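Colleague: sequence first, predicted coordinates after that:
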Amino acid sequence: MQASPRAKRQPAWHMLASEFMDATLNEKGPGEFDPSFIITKLGAKVNRVIVAGLLERLEIRETANGSTLYQGQLRDPSGQHYFSVGDYASESMRELAMTLTERIEAGEPELVLMVAKARWYQTEEGAVYTSLRPEEACIIDGKTYANWLTRACQGTIDRMNALSASLELEPTEQAYASSDSIPANLVDGLVTSRNHYGEIDLEQYKLNVMQALDIAEGKMANATKPVPTLNLSSADEDENETEDSSDASNLEECALSIIRQLDQGDGVDFDAVLSNANARGFSRQDSEAMLDELSERGVIHEPRFGWFKIVE
Amino acid sequence: MSDGQFDTYITAVQKECPDTDSETIAAAFLKYQEDFKIPPQDSMRSIIRSLNSSKSVPSTRSSGSSSSKPRAAKKVERLSELKADDKEIEIEVEIISHNMREQTIRGEQKQIAFGLLEDNPWAENGDKNRWEYKDWAPSPNLAPGSIVRLEGVSVNEYQGKMSLNINQSSRVVVIREGTRAIVAPGEAQDIATLPSDGYVCVVGRVLSSREDQIHKKDGSGSIDIVRGRLADESGTIGFLSWESFEHEVGALIKIEGAQVRTFRDTPELNFGRTTKVELFHDKNFADTETLSEQTVLTISDLRDGSRDIDAVVQITEWAKRTFTRDGVEKYLWSGQIADPTGRCRMSAWEDLPIDENNLPLTVRLKGVRVRAWQGIPDITVDNAAQVEILEKSPWDEGIDFSTQTVEVALNELATGASRVGVSTEAIVVSVREDSGFIQRCTECRRVLRDGHCATHDANAGNTDVRMRLVIDDGVASMSLLINKEGSLGLLAMTEDELSTQISSNGQLDFVQTLRSKMLGRNIRASGRTIVDEQGGMMLADNAELVEEDAVMKATEIRAQWGG
C-alpha cells in the first residue's frame, strides 16, 4: 500500500564478473518505466553495476539497420563481462569506445572501469545471458583497480554472508526483513534467488574473492619467490579454457557422453550431468563451467532452462 | 627477467604463436602483472591476441524474441487481452492490495472492497500488469498476497482507465492462500508502520486537539475541523477530523476506517463521515506524559508539513524583517537555529523575548509547525507562548553549532529530510557532461539553456563553474553539485587554468579527464541537501577524493572474513 514514488536512480553494485555472469533470472515491474533487474544467485537485485578489469576485446560492428555497435569483453579475476556500446550511448561513451578500440587494435592493454546498466536476453532455447551497457567508463591505473577489487570483494562477502544467514530462515520477505544478518537491500532479491536457484554452491565465489584479494594486496609481486603462490595455482584449477589442459578435454568428452547416453528426447537435466560427472571424478564446479562453455560454443543447447541437449 | 614463474603460460602462448620468442612473452606477462595487476591466466588471452592480432573470432550472441499467444476472449491469461466491454471473464490473478470502504448506493449503505490485482501470477518474473478492482459484494476469499481465479468478472472503463468489477454473481476461487501480512479490518496497526496512504485502523492516545477552520479557496465560506495529534508507543501522527471530535487530550481511542493522506512529506490521519471513533480501554497503554516525549524532534527529523512538534534548539542568529503586504507594513523575525544533528531556519510571527545581541540561546519549542523553503526546514512559531527560554543548554557549552558539519551516511541523507551542514562519503558513479563552465541567469541564477532562462528569457548570463556528479553508496544515490570554489579546489586549478584546458582540448575531453580522475573513486563532500520525491541532491561547497590503501583494506577484509 506504500505510495509508489517516481522511479529513483538505481544504485550501482560493485560486483565480480562471475556473480553477474552466473545470473539467469530477471525481473521487471508492470509499468512502462519501471526499472528491470537481474537477480544474482547471491541475492543482489541489479539494475546497475560498477565493474572493472582488463579490456580483452573491443570491436566495432555494423548492425543490420546500419548503426554501429561496439562489442567487447572485460575480464576480472573471476571471469568476464560482455558489453556493448551502441548509438543509444552518450557521445562521450561512444568516443571512448572508439579510442579504446584503436588501442586494442594497436595491442595496447588497458584497465577499464565502467558504470553500466545490466542487460539480459533469453535465447529461443531458453538460455539466459547477461551483458552490460556501459553508461560511463574510463581508463584506470592499477591502484584504482586494486581499490575497486577490494570493494567488489567486500560486496561479494557481504552477500555471501547474507545468503548463508538466509538459509536458516523461512524463505519469506518477513523472515528475512526481521533478521539482523540480512541488509534491507538484499531481502527482496534473496527471497527470489532462493526460490529460483535452489541450493547455491559458494565455493567458486569464495575462490574468486580470495584471488581478487591476493591481487589487491599485491601478492603477485611476491611471486618472484621460488614457492608457487596460492592464487596462481588455485586459479589454474578452474582454468578450463586453457588449451593445454588435458583434464578439461576429458571433462568435455565426459559431459558430452553423459548427455548423449541419458538423453531420452527432452535433454538431460543439469543436476544429472553434474552428479554423473562427479561420479567420474570431476567437481561439480568444473562440470558447471564446462556446461557453460559448451553452451557458449554451441555444442550443446538448453531447450528449456536447466535441460541440456547436444546440438545435432 | 623471467625466472620461471610464467613458464607454463609461455609454453601455452607459444603453441598459439610459434614465431614469438619466450623473452618477449615473459616481458608481456610481467608488464600485465606489474602495471595492471593482471595475473597470467587472465592476461594470456590478451597477449595471444595482440601477438597474432589479425586472427580474432568474435563471439556471436543472438538476441531472443518473446512469443505471445492469442487466447479466446472470455478465458484470458493477461489483462492486456481484455477489451472495455468484456464480460463473463475468467482470469487468474494475484491480489496485491485489498481495502474496505462504505459507500452509499441508491440510498443504501454498502460495504465494498477495492484494491490492486496483478495478472500473470505464476511467473516468477517477466511482464506483469496491475489493474484496480472493485468487489461489490466483498468476498472473504480476497486477501492480499493470495492467487485467485476470478470467474464471471467484467471490465469497467472510466475515462480511459480500465479496471475489473467483481460482481455479486462472480465466483472467487482461492488457488493459493495469501502469504503476505494481512491486516484484518478492525485490527489496529502501529502508528510507525502506517502506510503513506490508504484506510487504516489505529489505537492511540490523544496528545493534542484544537478546533480549526479551513477557508475554501473560492471564498465561499469555511469548514470547521479539528486538528490534533495521536500517539502510541511506536510513534505519533497528526490527525484532521472533518466531523466533530470531542475526545479530550489524554483519551485513549480506537479509530476504524481512518484515511492516511500525505501532506507535503508528512502523513496525516483523516477522520470523515465513515470513520468510527470510540473510546478504548487498555490499562497497560502508555500514559500521555511518556507518549509526549516522542513529539520532541531533532532537526534531522524535521519534515515539511509537520505540525504540533516539540524541539530543543539553539538560536544562533536572529533578525527582524519587515515587508509590505496589501499596503500594510508587517514584520517577522527569522534566523538560524541548530542542534547536534544539524542546522535549519526558524521564523516567528510575534516578538519573542530574545536579545539578538546575546546569542546563542537555547530554547524549548512546543507545538510548532514546519515549512520548508528550497528544501531547508523552517520552524514556524505562531505565538510567543510556544517558546520557552532555557537557562542552560542540554549540550556541551563549547560546541559551536553554527559552523558544525554532521557526518551522515549517504543512504540516510537520501531517504531523510533536507538538511544543512552535513557531509558524506560515497563512490562517484557519474560525471555529467555539463560539468565545467555554465552560464547563470543574471536575474535568478538558474542555469541558462542555449542562452535562455526558463522564466527570464534570453539573457547574457554570468559565467560560473560547477561540477555535476552522481554519488552512490551501493544502497542509495544522490546528485552532487559542487560550487565554483569546491570544484576548483577538487581540480586543484584556477579558473583561468580550467578555462585554458577546456578551450584547447574541448568539453568532451575535459569530462573524460574528470571521469578518469573520479569515476569509481570515493569522494567526501559537505554542504546541504535537498530531498524530494524525485530523489536527493547535495549542494556542496567542498569536496575531496579520499585516498585509500587497497593493500591494507584487502588485508583487513580478509581478516574480518576469516574471523
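Modeller: Sure thing, it's come through.
Colleague: what residues does the stretch 301-450 of chain B have near chain A?
Modeller: B:427, B:429-431, B:433 (C-beta under 8 Å from any C-beta of the partner chain). Just so you know, the C-beta spots here come from the backbone N, C-alpha and C atoms, and that holds for glycine as well.
Colleague: if we go to 6 Å?
Modeller: Within the stretch 301-450 of chain B, the positions near chain A by C-beta under 6 Å from any C-beta of the partner chain are B:429-430.
Colleague: by proximity to chain A, which residue of the stretch 301-450 of chain B wins?
Modeller: Per C-beta to the nearest C-beta, residue B:429 is where the stretch 301-450 of chain B lies closest to chain A, at 4.8 Å.
Colleague: count of neighbours near that residue?
Modeller: 24 (other C-beta atoms under 10 Å in any protein chain shown).
Colleague: contact partners for it?
Modeller: By C-beta atoms under 6 Å, 6 or more residues apart in numbering or on different chains, the contact set of residue B:429 is A:12, A:115, B:470, B:472.
Colleague: out of the residues you listed, who's nearest residue B:318?
Modeller: residue B:470 (37.7 Å; C-beta to C-beta).
Colleague: just give the closest residue to the closest one, not the sequence neighbours.
Modeller: Spatial nearest neighbour of residue B:470, excluding adjacent residues (C-beta to C-beta, 6 or more residues apart in numbering or on different chains): residue B:430 at 3.8 Å.
Colleague: would you agree that neighbour falls within a strand?
Modeller: Yes: using DSSP: H, G, I helix; E, B strand; the rest coil, the secondary structure at residue B:430 is a strand.
Colleague: would you confirm that it contacts residue B:472?
Modeller: No: Residue B:430 is beyond contact range of residue B:472, at 8.4 Å (criterion: C-beta atoms under 6 Å).
Colleague: so between the two, which is more surrounded?
Modeller: residue B:472 (27 against 23).
Colleague: was I right about the more buried one contacting residue B:427?
Modeller: Yes: the criterion here is C-beta under 6 Å, and residue B:472 meets it with residue B:427 at 5.3 Å.
Colleague: show me the strands in the stretch 351-500 of chain B, by range?
Modeller: B:361-373, B:376-381, B:387-389, B:406-407, B:422-431, B:436-440, B:452-453, B:457-458, B:462-472, B:477-482 (DSSP state E, counting those that start in this stretch).
Colleague: need the ones you listed in a markdown table (columns: mean pLDDT and distance to residue A:8).
Modeller: Listed next are the strands of the stretch 351-500 of chain B as a markdown table, based on pLDDT from 0 to 100; distance: least, C-beta to C-beta, whole Å:
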| stretch | mean pLDDT | distance to residue A:8 |
| --- | --- | --- |
| strand B:361-373 | 88 | 19 |
| strand B:376-381 | 89 | 21 |
| strand B:387-389 | 89 | 38 |
| strand B:406-407 | 88 | 23 |
| strand B:422-431 | 96 | 14 |
| strand B:436-440 | 92 | 25 |
| strand B:452-453 | 87 | 28 |
| strand B:457-458 | 84 | 32 |
| strand B:462-472 | 95 | 11 |
| strand B:477-482 | 96 | 8 |
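Colleague: any chance of the ones you listed in a markdown table, plus distance to residue B:508?
Modeller: Formatted as a markdown table, those follow (distance: least, C-beta to C-beta, whole Å):
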| stretch | distance to residue B:508 |
| --- | --- |
| strand B:361-373 | 37 |
| strand B:376-381 | 36 |
| strand B:387-389 | 56 |
| strand B:406-407 | 35 |
| strand B:422-431 | 12 |
| strand B:436-440 | 11 |
| strand B:452-453 | 23 |
| strand B:457-458 | 27 |
| strand B:462-472 | 15 |
| strand B:477-482 | 20 |
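Colleague: can you list the low-confidence ranges for the chain?
Modeller: No chain was given, so I picked chain A. Along chain A, the model assigns pLDDT under 70 to residues A:1-7, A:221-249, A:278-281.
Colleague: think we crossed wires, I meant chain B
Modeller: B:1-3, B:53-73, B:104-107, B:125-126, B:178-186, B:397-399, B:563.
Colleague: quick one, domains of it?
Modeller: B:7-50, B:79-174, B:191-295, B:301-389, B:406-545 (automatic domain parsing).
Colleague: can you name the residues of the stretch 51-200 of chain A that neighbour chain B?
Modeller: So the stretch 51-200 of chain A meets chain B at A:54, A:56, A:59, A:75, A:92, A:107, A:109, A:111, A:113, A:115, A:121-124, A:136, A:138-139, A:142, A:145-148, A:150, A:153-154, A:157, A:185 (C-beta under 6 Å from any C-beta).
Colleague: residue of the stretch 201-312 of chain A closest to chain B, please.
Modeller: residue A:216 (3.9 Å).
Colleague: ok, that residue - contacts?
Modeller: Per C-beta under 6 Å, 6+ apart, neighbours of residue A:216: A:146, A:149-150, B:550, B:554.
Colleague: just the strands in the stretch 51-200 of chain B please.
Modeller: So, for the stretch 51-200 of chain B - with DSSP E, counting those that start in this stretch - the strands run B:89-95, B:99-105, B:108-118, B:130-135, B:147-158, B:161-166, B:171-176, B:198-215.
Colleague: other SSEs contacting the fourth one?
Modeller: With contacts defined as 3 or more C-beta pairs under 6 Å, 6 or more residues apart in numbering or on different chains; DSSP states H and E, the secondary structure elements packing on strand B:130-135 are strand B:108-118, strand B:161-166.
Colleague: make a markdown table out of the ones you listed and add mean neighbour count and distance to residue B:13.
Modeller: Shown next, in a markdown table, are the helices and strands packed on strand B:130-135 (neighbours: other C-beta atoms under 10 Å in any protein chain shown; distance: least, C-beta to C-beta, whole Å):
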| stretch | mean neighbour count | distance to residue B:13 |
| --- | --- | --- |
| strand B:108-118 | 16 | 55 |
| strand B:161-166 | 18 | 64 |
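Colleague: now these as a markdown table including distance to chain A?
Modeller: What follows is these, written out as a markdown table (distance: least, C-beta to the nearest C-beta, whole Å):
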| stretch | distance to chain A |
| --- | --- |
| strand B:108-118 | 7 |
| strand B:161-166 | 14 |
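Colleague: how about the ones you listed in TSV, adding distance to residue B:241?
Modeller: Formatted as TSV, those follow (distance: least, C-beta to C-beta, whole Å):
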stretch	distance to residue B:241
strand B:108-118	20
strand B:161-166	31
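Colleague: still on that earlier bit, the domains of chain B: which one's closest to residue A:129?
Modeller: Of all the domains of chain B, domain B:79-174 comes closest under C-beta to C-beta, at 15.3 Å.
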